[in-house]
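Peer 1: Quick one: sequence plus predicted model below, questions after.
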Amino acid sequence: MLDQAQGLRELAKERRKNSKFITVASGKGGVGKTNFSVNFAYTMARHFNKRILLIDADIGMANVHILLNSDPSKNIKALFQGESIENIIVKSHGFDAILGFSGVDSIEEMDETSVALLINSLERVSSEYDYVIIDTGAGIDEKIAAFLRASTRSYVITTPEPTALMDAYALIKSIYNIYGYNNFKIVVNMVKNKEEAETTFNKLRLSARKFLDIDLEFLGYLPLTQNLKRSVKQKELITKISPTDPFSMQMRRICAVECGIETKEHSGRFWERVFDFLGNKRGK
Ligand SMILES: Nc1ncnc2c1ncn2[C@@H]1O[C@H](COP(=O)(O)OP(=O)(O)OP(=O)(O)O)[C@@H](O)[C@H]1O
Ligand SMILES: [Mg+2]
């Protein structure tokens, strides 16, 4: 384990960060990373005209293909077996994706060489894209650290649940202590309202500032919504079929922040005006 960490540390030392990579991580599992990644990819492509490559890097536990309703027979395993990355890219919902696979047949599929190969291959094709979004598995390990270290931007997804918050802090602490990496943007998912999101973020921010002396950035929040589960059951994307759902509106706001567009620039647009109206009502 330590040898692997050392190997990836050495690897990362050589590599400059790729400004197009966004790694999506979390401490606790099931906080919404994959739903975030897929809907973020769609919204960036559809509403912000960005060229997107989405990677299912949850090796052996993949489920991006389920949310995209794509045939997973062409997947990342072929890359590990010598196929070129260009040949495993699939097109879906207006963006490109590299699908993962479920179950692991051999240890090679999970080792650091595979991760290094994947990162190198992604770097090679990244000139074709505005963003390369990497959906990872939950928790802290060397593979996730390697993706985080290769990325300029890293999103940590949490929910307001104390266990999710504690695990998000543990992830940030470990990655910072082991690798000195401190560039995290936080998304609070499954919230009742904006206040709950801000309270959750502030708890995390205060702990990171007090105990680690690092500043976390609040990227945005996503409300808990039944429409998300409904869209998954229908094999559709909520951001596509329910654009007026608060989840979809907040996703557009997150994308606008990532693209550096002031939300005010959107104020003339219908959905943004609806959002502002709802936001103001909640704030009262
Ligand atoms: N904002 C939301 N509102 C309602 N349900 C949600 C929301 N976000 C995620 N979920 C639900 O939470 C569950 C977990 O979501 P998801 O698979 O995206 O999490 P994950 O972090 O990728 O999980 P894992 O750690 O297993 O990879 C799913 O059933 C999903 O439908
Ligand atoms: Mg997932």
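Peer 2: Received the coordinates, thanks. Ligands and ions are numbered 1, 2, ... in the order given.

Peer 1: where does the chain come near ligand 2, residue by residue?
Peer 2: Residues of the chain lying close to ligand 2 (CB under 5 Å from the ion) are 33-34. Yep, even glycine has a C-beta here, placed from its N, CA and C like the rest.

Peer 1: what residues does the chain put near ligand 1?
Peer 2: 26, 29-35, 58, 137-138, 189-190, 222, 224-225, 228-229, 232, 247 (CB under 6 Å from any ligand atom).

Peer 1: Next step: the residues you listed restricted to helices.
Peer 2: When DSSP state H is applied, those are split such that 33-35, 228-229, 232, 247 fall in helices.

Peer 1: out of the residues you listed, which are buried?
Peer 2: Buried members of those, scored by 16 or more other CB atoms under 10 Å, are 33-35, 228, 232, 247.

Peer 1: What residues of the strand or helix carrying Arg205 count as buried?
Peer 2: Here Arg205, judged by DSSP states H and E, is contained in helix 194-207. Using 16+ other CB under 10 Å as the burial criterion, the residues of helix 194-207 that qualify are 194, 196-197, 200-201, 203-205, 207.

Peer 1: What's the nearest residue in the stretch 1-150 of the chain when you look at ligand 2?
Peer 2: Thr34 (3.3 Å; CB to the ion).

Peer 1: for the protein, what spans make up the strands?
Peer 2: Assigned by DSSP state E, the chain shows strands spanning 18-25, 52-56, 90-92, 95-98, 131-135, 151-158, 184-191, 217-223.

Peer 1: Columns mean neighbour count and mean pLDDT on top of those, output as JSON lines?
Peer 2: JSON lines is the format used below for the strands of the chain (neighbours: other CB atoms under 10 Å; pLDDT from 0 to 100):
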{"stretch": "strand 18-25", "mean neighbour count": "22", "mean pLDDT": "92"}
{"stretch": "strand 52-56", "mean neighbour count": "27", "mean pLDDT": "97"}
{"stretch": "strand 90-92", "mean neighbour count": "16", "mean pLDDT": "96"}
{"stretch": "strand 95-98", "mean neighbour count": "23", "mean pLDDT": "97"}
{"stretch": "strand 131-135", "mean neighbour count": "26", "mean pLDDT": "97"}
{"stretch": "strand 151-158", "mean neighbour count": "24", "mean pLDDT": "94"}
{"stretch": "strand 184-191", "mean neighbour count": "24", "mean pLDDT": "97"}
{"stretch": "strand 217-223", "mean neighbour count": "21", "mean pLDDT": "97"}
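
Peer 1: if I look at Cys259, how far off is His47?
Peer 2: 10 Å (CB to CB, to the nearest Å).

Peer 1: In space, what's closest to the closest residue to ligand 1 within the stretch 101-250 of the chain - neighbours in sequence excluded?
Peer 2: When distances are taken as CB to the nearest ligand atom, the stretch 101-250 of the chain reaches nearest to ligand 1 at Ala138, 3.6 Å away. Distances taken as CB to CB, 6 or more residues apart in numbering place Gly29 nearest to Ala138, at 3.5 Å, with adjacent residues excluded.
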